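1. coords below, sequence missing:
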């Protein structure tokens with residue numbers, strides 16, 4: 001008996017009509033990092049993020065992974081200058097896939113498409129952060145990039 005093939009995954013830019021499905025993924029991504037319930041992002045931030053993604057004057061972009069009309073993952077990224085490179089640097093700010101898609105190549109496909117887009121935009125580097133406890137994602141990241149060894153410090157204002 002032949003095994004059913006998994007449906008193909010399309011990686012594409014987010015479209016305005018993706019909002020309802022994108023927001024579910026966005027909310028799940030934020031919940032993963034403890035931003036839910038009383039600590040959830042205000043709707044104003046969610047709406048501003050979505051608006052920036054679709055504003056050509058903004059450096060913020062979004063890719064989605066889609067299969068059979070359903071979004072399985074998101075990747076938000078932006079370009080910025082860097083003091084040690086001539087070309088732009090691409091920062092992968094958010095990467096998330098639904099639990100059922102983890103380990104099936106969706107995250108890798110999002111990253112690889114981001115690499116293609118960053119190279120086409122003249123970026124000299126793509127980088128991102130993750131929490132040290134995010135073991136599932138780190139297994140993927142260790143195969144597609146190099147751990148820079150840097151520790152991130154921050155102060156909220």
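-> Perfect, I can see it now. Since the model is a prediction, treat every value here as computed from it, not as a measurement.
2. surely residue 87 and residue 120 touch.
-> No. Between residue 87 and residue 120 there is no contact under C-beta atoms under 8 Å: 11.6 Å. Every C-beta, even on glycine, is put in place using the N, C-alpha and C of the backbone.
3. the two: which is more packed in?
-> The neighbour comparison of residue 87 against residue 120 (other C-beta atoms under 10 Å) goes to residue 87, with 15 against 8.
4. check that one and give its pLDDT.
-> pLDDT, residue 87: 94.
5. then residue 2?
-> For residue 2, the predicted pLDDT is 44.
6. one step back: who touches both of residue 87 and residue 120?
-> When contacts are counted by C-beta atoms under 8 Å, 6 or more residues apart in numbering, residue 87 and residue 120 have no shared neighbour.
7. direction included, what does the helix or strand hosting residue 72 pair against?
-> Following DSSP states H and E, the helix or strand that holds residue 72 is strand 70-80. Strand pairing for strand 70-80, using DSSP bridges, gives strand 60-67 (antiparallel), strand 89-97 (antiparallel).
8. make CSV out of those and add distance to residue 18 and mean neighbour count.
-> What follows is the strands paired with strand 70-80, written out as CSV (distance: least, C-beta to C-beta, whole Å; neighbours: other C-beta atoms under 10 Å):
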stretch, distance to residue 18, mean neighbour count
strand 60-67, 6, 21
strand 89-97, 14, 21
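9. turn the ones you listed into JSON lines, columns for distance to residue 37.
-> Below are the strands paired with strand 70-80 laid out as JSON lines (distance: least, C-beta to C-beta, whole Å):
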{"stretch": "strand 60-67", "distance to residue 37": "25"}
{"stretch": "strand 89-97", "distance to residue 37": "18"}
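10. looking at the ones you listed, which is nearest to residue 144?
-> strand 89-97 (10.6 Å; C-beta to C-beta).
11. mind listing residues that contact that closest one?
-> 25-26, 28-29, 32, 65, 72-82, 106-107, 110-111, 114, 117-118, 121, 123-128, 137.
12. pull out the buried positions in stretch 72-91.
-> Neighbour-count burial for stretch 72-91, counted by 16 or more other C-beta atoms under 10 Å, picks out 72, 73, 74, 75, 76, 77, 78, 79, 88, 89, 90, 91.
13. make a markdown table out of the residues you listed and add distance to residue 157.
-> Listed next are these as a markdown table, based on distance: C-beta to C-beta, whole Å:
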| residue | distance to residue 157 |
| --- | --- |
| 72 | 35 |
| 73 | 31 |
| 74 | 27 |
| 75 | 27 |
| 76 | 21 |
| 77 | 23 |
| 78 | 19 |
| 79 | 23 |
| 88 | 25 |
| 89 | 23 |
| 90 | 25 |
| 91 | 19 |
